[in-house]
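In: Provided below are the primary sequence and the corresponding predicted coordinates.
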Amino acid sequence: MATKNELGRQGEQLAVTYLEAKGMKILERNWRCRRGEIDVIAEDGPTLVVVEVKTRSGRSHGTALEAVRPHKLARLRVLAATWLATQSRGYETVRVDVVALERFAGAFALRHIRGVI
Amino acid sequence: MAVARTRSVALIGVSGRSVEVEADVGNGLAGIHLIGLPDAALSEARERVRSAMVNSRYPWPDARITISLFPASLPKRGSQFDLSIAVAILGASGVVPAERIAEPFFLGELGLDGRLRPVRGVLPAILGAAEQGDATVVVPAANAAEAALVPDVKVVPVADLRQLVEWLRRGEAPPEPVPDAAPATTRVLDRPAVDLSDVVGQPVARRALEVSAAGGHNLWMLGPPGTGKTLLAERLPTLLPDLALDHALEVTAIHSVAGVLPPQSPMMNRPPFVGPHHTATAAAIIGGGSSVVRPGAVSLAHRGVLFLDEAPEFPRHVLDALRQPLESGQVTVSRSVGSVTFPARFILVLAANPCPCAQADDQGANCRCTSTIKRRYLGRLSGPLLDRVDMKVTVARSSRRELMADRQFVESSKTVAERVLVARERAAKRLAGTPWRTNAEIPSSLLHADYRPPDDAMKPMTSCLDAGTLSARGLDRVVRVAWTLADLAGKSHPGEDETAAALSFWLGVSA
């Protein structure tokens, strides 16, 4: 269990570094509420970006990207609305991104899919 | 990350229509989306294709895959699109050259391990593909013999996905079709082990059977049980000649869509014999189904014999549903998914007992049926239906003497079939240049123009027409039978003998 959480945290850190390098401003990490958790909330210019980070240690159980199912995306949508309700300012558009990380021989391969819903 | 395009065939009834299968492997969340009106079996193709590709050691693209089947408005069903979907994805992800898959048609269901499973309706699908001209069709190896029946089409039988990819990568010409699949040598239905000489004591009915076979005329046999009505009807196919190649393809196509082709030697070059039970529903007889419209008994009997034993036991609406196919030689089935037209030109043979109790006594001594019951029983065969039956014969019980005497007159099916063949050839020669081959198919308009018997031969009918016992349609049917009798007698035109005989066959049973 500890290894799994460790892998997830490591992946999230890599994802945040990557997103910052792409010029996004990170607003929150691991924001939780009763309904669930948003891994990363960021600002990409005028757009609010809700990011789901998925990390896998290999491909033996399928790829990281396909592990994000429609059900999860629907939940992210609700969570994004919940988070926005707590904020004073609004955003023109809201986008959901997925960052998928897979470990190959110690190094991570990262893919960033923008606007999945 | 690209788009690849290939082709497959969708079946509408018994005709195939070319369908373009496009695969787009592009950016987005990993997953596969299938669009273009797929049905349940086709939607499940996603899982089969994925497993087949992974288990054949080809990379499954970790990307958003969109499969589009064009034309999008045409409902597609079944599992025969599996292979084309797999090939399109392989092309889009660069495993096989995209230009190699654009032209051929791909048909087949994929097993989870990548093997190719046989599908229904390969023959009509390939006939549809052949209309596009100079087609190459990839089919499952198990369907190779059926596919090879179509002339002028390059058939590539494939056993599994790896074999297909190897072939597409090498870029060689398609392998030659399996040589032992030549259609001329295959004979599916061996002539059944029944023979006309088995039926003793029914000379009139045997003659009627011969006429029916020679001209393709419908026949009604009325008589008490045990007199050989069923035996006679079962022997009608033995009198019919082999199907011509185009007819054999039609028959085979219908059986292929129904999924009842014998797998080893699929060409059906003998006329089919279909004898549905009297509890059969209208959908079973005419064709039907909710999402997939299947051919019914009338279409399975196309170019063959439809035998309704105990005809009055059939529900009346089922019997009356036969009127359209009897008249037009095809049947249109309408369902929510659309209308489908199946060919249905068959020889109808009806058998009936004179009353429901069917007691074994001809004189009616043991029969307890009242005349009302008898009338009601046979009344289920409606007038319009019987109007479409060219010949009606009463099959009476024979005495011991009659049976003994008839024994020396019985002929084998082979002898009669030879006469039938000669008569059919005469008719075909006369009808050369028209789409019809038997006298029963001649349309009414032509019957009164080109094929009108001489005036003196028409004499027997005039009194019946005047008395109203013969309808206009009935007259057409009598004239058609008269032509067949002339063909059997080797005459160039029906004379008064033939028309009088035809008329007595028409009036036949006076119930």
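Out: Received it, and whenever you're ready, just let me know what you need. Note that this is a predicted model, so its numbers are computed, not measured.

In: rest of the way, CA atoms for contacts and neighbours
Out: OK.

In: check contacts around the closest residue to chain B within chain A.
Out: Ranking the residues of chain A by distance to chain B (CA to the nearest CA) places residue A:66 first, at 4.8 Å. Remark: with contacts taken as CA atoms under 8 Å, 6 or more residues apart in numbering or on different chains, residue A:66 is in contact with B:29, B:30, B:31, B:62.

In: secondary structure class for it?
Out: Reduced to three states with DSSP: H, G, I helix; E, B strand; the rest coil, the structure at residue A:66 is helix.

In: chain A contacts on chain B?
Out: Contact residues of chain B with respect to chain A, defined by CA under 8 Å from any CA of the partner chain, are listed as B:27, B:28, B:29, B:30, B:31, B:62.

In: of these, closest to chain A?
Out: Here the nearest of the residues of chain B next to chain A to chain A, counting by CA to the nearest CA, is residue B:30; it sits at 4.8 Å.

In: okay, now the domains of chain B?
Out: Following automatic domain parsing, one gets these domains for chain B: B:3-181, B:196-413, B:442-511.

In: any chance of those in CSV, with mean neighbour count too?
Out: What follows is the domains of chain B, written out as CSV (neighbours: other CA atoms under 10 Å in any protein chain shown):
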stretch, mean neighbour count
domain B:3-181, 20
domain B:196-413, 20
domain B:442-511, 18
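
In: tally of neighbours for residue A:109?
Out: Close neighbours of residue A:109, defined as other CA atoms under 10 Å in any protein chain shown, add up to 12.

In: show me what stretch A:90-105 is in contact with.
Out: A:11, A:15, A:46-59, A:63-65, A:76-77, A:84, A:108-117, B:29.

In: got the contact list for the residue of the stretch 401-511 of chain B found nearest chain A?
Out: Nearest to chain A, among the residues of the stretch 401-511 of chain B, is residue B:435, at 57.8 Å (CA to the nearest CA). Counting by CA under 8 Å, 6+ apart, residue B:435 touches no other residue.

In: what ranges of the stretch 301-450 of chain B fall below the confidence cut-off?
Out: Along the stretch 301-450 of chain B, the model assigns pLDDT under 70 to residues B:358-365.

In: first vs last residue of stretch B:455-472, how far apart are they?
Out: Looking at stretch B:455-472, the gap from its leading to its trailing residue is 17 Å under the measure CA to CA, to the nearest Å.

In: list the contacts for the residue in the stretch 201-350 of chain B positioned nearest to chain A?
Out: Nearest to chain A in the stretch 201-350 of chain B, going by CA to the nearest CA, is residue B:291, at a distance of 28.7 Å. Remark: with contacts taken as CA under 8 Å, 6+ apart, residue B:291 is in contact with B:335, B:336, B:337.

In: dump those residues to TSV, plus secondary structure and distance to residue B:310.
Out: Formatted as TSV, the entries for those read as follows, by DSSP: H, G, I helix; E, B strand; the rest coil; distance: CA to CA, whole Å:
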residue	secondary structure	distance to residue B:310
B:335	strand	30
B:336	coil	33
B:337	coil	34
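
In: closest to residue B:377 among these?
Out: For the contacts of residue B:291, the residue nearest residue B:377 by CA to CA is residue B:335; the value is 32.3 Å.

In: so what pLDDT did residue 64 get?
Out: All of this is about chain A. In the predicted model, residue A:64 carries a pLDDT score of 86.

In: switch to chain B, that's the one I care about
Out: You'll see residue B:64 listed with a pLDDT of 89.

In: next, the contact list for it, please.
Out: Taking CA under 8 Å, 6+ apart, we find residue B:64 in contact with B:24, B:25, B:26, B:27, B:28, B:29, B:30, B:31, B:32, B:33.

In: cutoff 10 Å now
Out: Residue B:64 is in contact with A:65-66, B:1, B:24-33, counting by CA atoms under 10 Å, 6 or more residues apart in numbering or on different chains.

In: ditto for residue B:392
Out: Applying CA under 10 Å, 6+ apart, we find residue B:392 in contact with B:205, B:208, B:218-222, B:349-351, B:386, B:504-510.

In: beta partners of the residue nearest in space to the middle of chain A?
Out: Among the residues of chain A, the smallest C-alpha distance to the mean C-alpha position (CA atoms, centre = their mean) belongs to residue A:52, namely 2.2 Å. Residue A:52 has the following beta-bridge partners by DSSP bridges: residue A:98.

In: how about the helix or strand harbouring residue B:414 as PDB, C-alpha atoms only?
Out: Of the helices and strands defined by DSSP states H and E, residue B:414 is found in helix B:413-430. In PDB, the C-alpha atoms belonging to helix B:413-430 read as follows (Å, rounded to 0.1, in the frame of the first residue of the first chain):
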ATOM      1  CA  SER B 413     -38.000 -40.800 -60.700                       C
ATOM      2  CA  LYS B 414     -35.100 -40.900 -63.200                       C
ATOM      3  CA  THR B 415     -37.400 -41.800 -66.100                       C
ATOM      4  CA  VAL B 416     -39.900 -39.100 -65.300                       C
ATOM      5  CA  ALA B 417     -37.200 -36.500 -64.500                       C
ATOM      6  CA  GLU B 418     -35.800 -37.100 -68.100                       C
ATOM      7  CA  ARG B 419     -39.300 -36.300 -69.600                       C
ATOM      8  CA  VAL B 420     -39.500 -33.200 -67.300                       C
ATOM      9  CA  LEU B 421     -36.100 -32.100 -68.400                       C
ATOM     10  CA  VAL B 422     -37.000 -32.300 -72.100                       C
ATOM     11  CA  ALA B 423     -40.300 -30.400 -71.500                       C
ATOM     12  CA  ARG B 424     -38.500 -27.800 -69.500                       C
ATOM     13  CA  GLU B 425     -35.900 -27.400 -72.300                       C
ATOM     14  CA  ARG B 426     -38.700 -26.900 -74.800                       C
ATOM     15  CA  ALA B 427     -40.300 -24.200 -72.600                       C
ATOM     16  CA  ALA B 428     -36.900 -22.500 -72.000                       C
ATOM     17  CA  LYS B 429     -36.200 -22.500 -75.800                       C
ATOM     18  CA  ARG B 430     -39.600 -20.900 -76.400                       C
END
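
In: check which helices and strands it sits against.
Out: For helix B:413-430, the contact count by 3 or more CA pairs under 10 Å, 6 or more residues apart in numbering or on different chains; DSSP states H and E identifies helix B:203-215, helix B:229-239, helix B:472-489 as packing neighbours.

In: turn those helices into CSV, columns for distance to residue A:20.
Out: Compiled in CSV, these are given as follows (distance: least, CA to CA, whole Å):
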stretch, distance to residue A:20
helix B:203-215, 86
helix B:229-239, 82
helix B:472-489, 88
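
In: got CSV for those helices, with mean pLDDT too?
Out: Formatted as CSV, these follow (pLDDT from 0 to 100):
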stretch, mean pLDDT
helix B:203-215, 92
helix B:229-239, 92
helix B:472-489, 91
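
In: which of these sits closest to residue B:165?
Out: With distances scored as CA to CA, the stretch of these nearest to residue B:165 is helix B:229-239 (46.0 Å).

In: any idea how far the residue of the stretch 401-511 of chain B closest to chain A is from residue B:442?
Out: 9 Å.

In: likewise for residue B:154?
Out: 37 Å.

In: quick check: residues of chain A near chain B?
Out: Chain A has residues A:62-70, A:97-98, A:100, A:112-117 near chain B, with proximity defined as CA under 10 Å from any CA of the partner chain.

In: mind running it again at 8 Å?
Out: Counting by CA under 8 Å from any CA, the residues of chain A that sit close to chain B are A:63, A:65, A:66, A:68, A:98, A:113, A:114, A:116.

In: farthest pair in these?
Out: Between any two of these, the greatest separation by CA to CA is 17.5 Å, found for A:63 and A:114.

In: have a look at the two and say which one is more surrounded.
Out: With neighbours defined as other CA under 10 Å, residue A:63 and residue A:114 compare such that residue A:63 has more, 19 against 16.
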